[in-house]
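Visitor: When you get a sec, could you give me coordinates for this:
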Amino acid sequence: MIDPHRISTGLDVFLDDPPPDVRGARLGLLMNQASRDRHLRLSCDAIAQRRLGRLTALFSPQHGLWGVEQANMIESPHSRYEPLDVPVYSLYAETRQPTAEMLEQVDVLLIDLQDVGTRVYTFAWTMCAALRACSQYGRPAIVLDRPNPIGGVVVEGPMLSEDHLSFVGGWPIPLRHGLTLGELARLYVAEAGLDVDLTVLPMRGWRRTMTWSDTGRQWIWPSPNMPTPTTAAVYPGMVLLEGTNLSEGRGTTRPFEICGAPWVDGLEWEQKLADIQGQPWRCLATRFQPTFDKWAGQVCAGVDLQLLDARRSMSVPLAVALISLAARTAPQHFRWLDPPYEYETIKAPIDILFGDSRLRQFVDSATGPPTLPEIEHLLQMNRAAWQQRCAPILLYS
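Guide: The predicted structure follows:
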């Protein structure tokens, strides 16, 4: 049994043993409602109570400080955090990078966000945009590291193509990258050549083999459609459904864990997916009625993804099989969604989600059901090269 008191996040480490540079400094903090310490205090409140420096500005990622707004270009307004009487600058509004005016009253920028380990989750790219601003305006940055909830061992392709960079993929990394946010910050600063004074405060007690249940920490949803650690486990693959007219379960209590459409035969899906999944998943026929987003108010048939073993979870092959199955069993109904999607107005949403156009071409050109070897070939990447890239920036064994 792992002692949860041994798992200290970067925020906990910061509060226990703050870097000397922050004492008396004017502090900015990029955070949201999931940014909490071991006592479940919001990071801004915990830092203010510790009197390490003076908080002068908060910054929020997509969905806002309190995770209220839904996805895909539903922007959050600037606001004010009344308990501390400080402004909250939305970095998912007219700008996605801190401006010179926003940083005018900030000496040091702290970054404390809970990532979910998948390339298309925008918090990582908001962090990278903040690091670019720190480089541009001469501010040091401190990343308070947090667990990768789906672990730091398993990596899933494909690698993002450089000609498909977007706000859901700001640097060429795999779809499931296996890094913590602090490690990703180190990789980005090194490879992008940013001139920024970056400090990453590592966690204590976290190991790469851990999934969220091993940490002993409370799960606070980092965004409105990431309600549980299981959601994070299915997300690397099931987020691809956002590029199709299949419901990925938004508008239900099980986003990304159920999927389908009014024209799907769930029993047929259950039977056919049993032949291809070969993973710690069980897909069960189900029906659901979204209250918003795709097919709102309509009864959808589809499947319920039951995760049997989080450590062995690989959801990307399963999602590719689902999309292929939908396209081949209901070609008159299935379609790819058109842009705009997350500020990309030209490329197809599925292409920037997947990382290039190969999934779309794979599905459109196929004449029969996909085989597992075909899917594995589509998703292959040079894992040895990725490990070599990451070796200098890893913080945990």
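Visitor: Spell out, range by range, the strands that occur in this structure.
Guide: Counting by DSSP state E, one finds strands in the chain at the ranges 26-30, 54-60, 79-81, 86-90, 108-111, 141-144, 156-159, 174-176, 198-201, 258-261, 281-288, 300-307.
Visitor: Which of the ones you listed sits closest to Q387?
Guide: With C-beta to C-beta as the measure, strand 174-176 is the member of these nearest Q387 (10.9 Å). Backbone N, C-alpha and C define where each C-beta goes, glycine included.
Visitor: just checking, what packs against that closest one?
Guide: On a contact count with 3 or more C-beta pairs under 8 Å, 6 or more residues apart in numbering; DSSP states H and E, strand 174-176 meets strand 156-159.
Visitor: From the contact counts, what lies against the strand it packs on?
Guide: strand 174-176, helix 372-379.
Visitor: and it, how far out from the chain's middle?
Guide: 15 Å (C-alpha atoms, centre = their mean, to the nearest Å).
Visitor: okay, the helices and strands packed on strand 156-159, which one's buried deepest?
Guide: Mean neighbour count (mean count of other C-beta atoms under 10 Å) peaks for strand 174-176 among the helices and strands packed on strand 156-159, with a mean of 25.
Visitor: For that one, which outside residues touch it?
Guide: Defining contact as C-beta atoms under 8 Å, 6 or more residues apart in numbering, one finds that strand 174-176 is touched by 117-120, 150, 154-160, 236, 316, 354-355, 381, 386.
Visitor: Among those residues, name the buried ones.
Guide: Taking 16 or more other C-beta atoms under 10 Å as the criterion, what is buried in the contacts of strand 174-176 is 117-120, 150, 154-160, 236, 316, 354-355, 381, 386.
Visitor: Please write out the alpha-carbon positions of stretch 73-83 in PDB.
Guide: The C-alpha coordinates for stretch 73-83 follow below in PDB (Å, rounded to 0.1, in the frame of the first residue of the first chain):
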ATOM      1  CA  MET A  73     -13.700  28.000 -28.700                       C
ATOM      2  CA  ILE A  74     -16.200  28.700 -25.900                       C
ATOM      3  CA  GLU A  75     -14.000  31.400 -24.400                       C
ATOM      4  CA  SER A  76     -13.800  32.500 -20.800                       C
ATOM      5  CA  PRO A  77     -14.000  36.200 -19.800                       C
ATOM      6  CA  HIS A  78     -11.400  37.900 -17.700                       C
ATOM      7  CA  SER A  79     -12.600  38.200 -14.100                       C
ATOM      8  CA  ARG A  80     -11.500  38.800 -10.500                       C
ATOM      9  CA  TYR A  81     -10.800  36.400  -7.700                       C
ATOM     10  CA  GLU A  82     -12.500  38.300  -4.900                       C
ATOM     11  CA  PRO A  83     -11.100  36.500  -1.800                       C
END
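Visitor: Pull out the buried positions in that stretch.
Guide: Neighbour-count burial for stretch 73-83 [16+ other C-beta under 10 Å]: 76, 81.
Visitor: Now it: average pLDDT?
Guide: Averaging pLDDT along stretch 73-83 gives 95.
Visitor: how deep is T99 tucked in, by neighbour count?
Guide: 14 (other C-beta atoms under 10 Å).
Visitor: Contacts only, for it.
Guide: By C-beta under 8 Å, 6+ apart, the contact list for T99 reads A133.
Visitor: and if you look at G152?
Guide: Contacts for G152 (C-beta under 8 Å, 6+ apart) come out as 178-180, 207-210, 396.
Visitor: and what of S161?
Guide: Taking C-beta under 8 Å, 6+ apart as the contact definition, S161 lies against 172, 355-356.
Visitor: Let's have these in TSV, adding distance to G368 and pLDDT.
Guide: Formatted as TSV, those follow (distance: C-beta to C-beta, whole Å; pLDDT from 0 to 100):
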residue	distance to G368	pLDDT
P172	32	98
G355	25	98
D356	23	98
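Visitor: Just name the closest of those residues to Q62, please.
Guide: For the contacts of S161, the closest approach to Q62 (C-beta to C-beta) belongs to G355, at 19.6 Å.
Visitor: From K347, how far off is the residue nearest to that closest one when sequence neighbours are not counted?
Guide: Residue nearest to G355 in three dimensions, not counting chain neighbours: L160, with 4.0 Å by C-beta to C-beta, 6 or more residues apart in numbering. Counting by C-beta to C-beta, to the nearest Å, the gap from L160 to K347 is 12 Å.
Visitor: what's the burial count for G251?
Guide: The burial count for G251: 20, using other C-beta under 10 Å.
Visitor: For Q136, list the residues it contacts.
Guide: With C-beta under 8 Å, 6+ apart, Q136 has no contacts at all.
Visitor: Which residues are in contact with the residue nearest the centre of the chain?
Guide: Residue closest to the average C-alpha location in the chain (C-alpha atoms, centre = their mean): Y121, at 2.8 Å. With contacts defined as C-beta under 8 Å, 6+ apart, the neighbours of Y121 are 115, 223, 235.
Visitor: And the pLDDT at the closest residue to the first one other than its chain neighbours?
Guide: Across the structure, with C-beta to C-beta, 6+ apart as the measure, the residue nearest D115 apart from its sequence neighbours is L181 (4.3 Å). Confidence at L181, expressed as pLDDT, is 98.
Visitor: L181 contacts T118, doesn't it?
Guide: No. In terms of C-beta atoms under 8 Å, L181 does not count as a neighbour of T118; the distance is 11.9 Å.
Visitor: low pLDDT regions in this protein?
Guide: Within the chain, the stretches with pLDDT under 70 are 1-5, 275-279.
Visitor: related to what we said a few turns ago, with distance to T215 added, can I get the strands of the chain in CSV?
Guide: As requested, the strands of the chain are arranged in CSV below (distance: least, C-beta to C-beta, whole Å):
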stretch, distance to T215
strand 26-30, 22
strand 54-60, 24
strand 79-81, 27
strand 86-90, 28
strand 108-111, 20
strand 141-144, 15
strand 156-159, 21
strand 174-176, 18
strand 198-201, 17
strand 258-261, 26
strand 281-288, 23
strand 300-307, 17
